[in-house]
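Asker: Any chance you can model this:
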Amino acid sequence: MSDIRQNGEQSYAWRELLQRWSDEWLDPVLHEQERAEPFSENVRRARWLGRAGASVEDVGALEDRLGTVLPASYRQFLLTSDGWLNTTSDIERILSAHEVGWTRDLDPDLVTVWIEAYGAAGARVADEEYFIYGEAQDPVSIRPEYVPHTLKISHTPEATEVYLLNPCVVTAEGEWEAWFVAHWLPGAVRYQSFWDLMDDEYRRFRGDW
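Answerer: Numbers count the residues shown, from 1 in each chain. Modelled structure (predicted):
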């Protein structure tokens, strides 16, 4: 991540990370055999799993539609690539700016499942348990009441794996908490920002953990 700040906000090295990720996915020896279908010829030719970046106007329109200001790491991601193909074999694609929306609107069934599965668990998770990130975090230490308010930013057909951004928990820098939800997790793995989630997902893709 770059230390350069633009317009008072942290600048994130998305192009560097995503280009490295693209190159490794497209290496037939390393990873492409993991896909059910090969990448298209256009993707191979471009050496890029993303799209052209969204315009500032596109991102502004998304913020107007949502009625909020997006966190810098996610906004800069969209400006670099307006959507993305597979991050790992679990996530088919990250949605473009015109596709993302609140989880309660895009996937009400997911909200229902979470509330039914975790909402009856009892007392609210205490701050000293909840605000732990990294290896010491317990995926079970979640707050299901946040799920309806999250932003759904990925889609994998007929699967529960998904990336969510949680505006109920915001860092001093304005970053929203980011969640990775999967059927094999007893809850969710949470990160302090979308950048942190994607950086960790890249390491998982590489098999670094």
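
Asker: make it CA atoms for all contacts and neighbour counts henceforth
Answerer: Fine.

Asker: Skipping its backbone neighbours, what lies nearest residue 156 in space?
Answerer: In this structure, residue 156 finds its nearest non-sequential neighbour in residue 92, 4.9 Å apart by Cα to Cα, 6 or more residues apart in numbering.

Asker: From residue 132, how far out is that neighbour?
Answerer: 28 Å (Cα to Cα, to the nearest Å).

Asker: the more surrounded of those two?
Answerer: Neighbours per residue, other Cα atoms under 10 Å: of residue 92 and residue 132, the larger number sits with residue 92, 19 against 15.

Asker: Test my guess that the more buried one contacts residue 86.
Answerer: Yes. With contact defined as Cα atoms under 8 Å, residue 92 counts as touching residue 86 (4.6 Å).

Asker: Next SSE downstream of the helix-or-strand element of the chain with minimal mean pLDDT?
Answerer: Ranked by mean pLDDT, DSSP states H and E, the weakest helix or strand in the chain is strand 5-6, scoring a mean of 52. Per DSSP states H and E, the first helix or strand lying C-terminal to strand 5-6 is strand 9-10.

Asker: Direction included, what does that following strand pair against?
Answerer: Here strand 9-10 is paired, per DSSP bridges, with strand 5-6 (antiparallel).

Asker: what's the nearest residue to residue 157 if we skip its chain neighbours?
Answerer: In space, residue 157 is closest to residue 92, 7.8 Å off (Cα to Cα, 6+ apart).

Asker: can you pull out the helices in this structure?
Answerer: Ranges of helices within the chain are 14-25, 41-46, 56-66, 72-80, 103-106, 108-118, 127-130, 194-206, based on DSSP state H.

Asker: Could you export the last one as CSV, CA atoms only?
Answerer: Backbone C-alpha positions of helix 194-206 (Å, rounded to 0.1, in the frame of the first residue of the first chain) are rendered in CSV as follows:
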residue,chain,number,x,y,z
PHE,A,194,-11.6,-3.7,1.8
TRP,A,195,-7.9,-3.4,1.0
ASP,A,196,-7.0,-5.6,3.9
LEU,A,197,-9.6,-8.2,2.8
MET,A,198,-8.3,-8.3,-0.8
ASP,A,199,-4.6,-8.4,0.3
ASP,A,200,-5.4,-11.4,2.5
GLU,A,201,-7.5,-13.0,-0.3
TYR,A,202,-4.5,-12.6,-2.7
ARG,A,203,-2.3,-14.4,-0.1
ARG,A,204,-4.9,-17.2,0.1
PHE,A,205,-5.1,-17.4,-3.6
ARG,A,206,-1.3,-17.9,-3.7
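
Asker: contacting residues around residue 133?
Answerer: Contacts for residue 133 (Cα atoms under 8 Å, 6 or more residues apart in numbering) come out as 190, 191, 192.

Asker: Of those - the most surrounded one?
Answerer: Within the contacts of residue 133, neighbour counts (other Cα under 10 Å) peak at residue 190, which reaches 28 neighbours.

Asker: and the residue nearest to residue 157, how far is that from residue 67?
Answerer: To residue 67, residue 92 is 27 Å away according to Cα to Cα.

Asker: wait, doesn't residue 168 sit right on residue 145?
Answerer: No. The pair residue 168 / residue 145 is not scored as a contact, 9.8 Å apart, by Cα under 8 Å.

Asker: The two - which one has more neighbours?
Answerer: Remark: of residue 168 and residue 145, residue 145 carries more neighbours, 15 against 12, as counted by other Cα under 10 Å.
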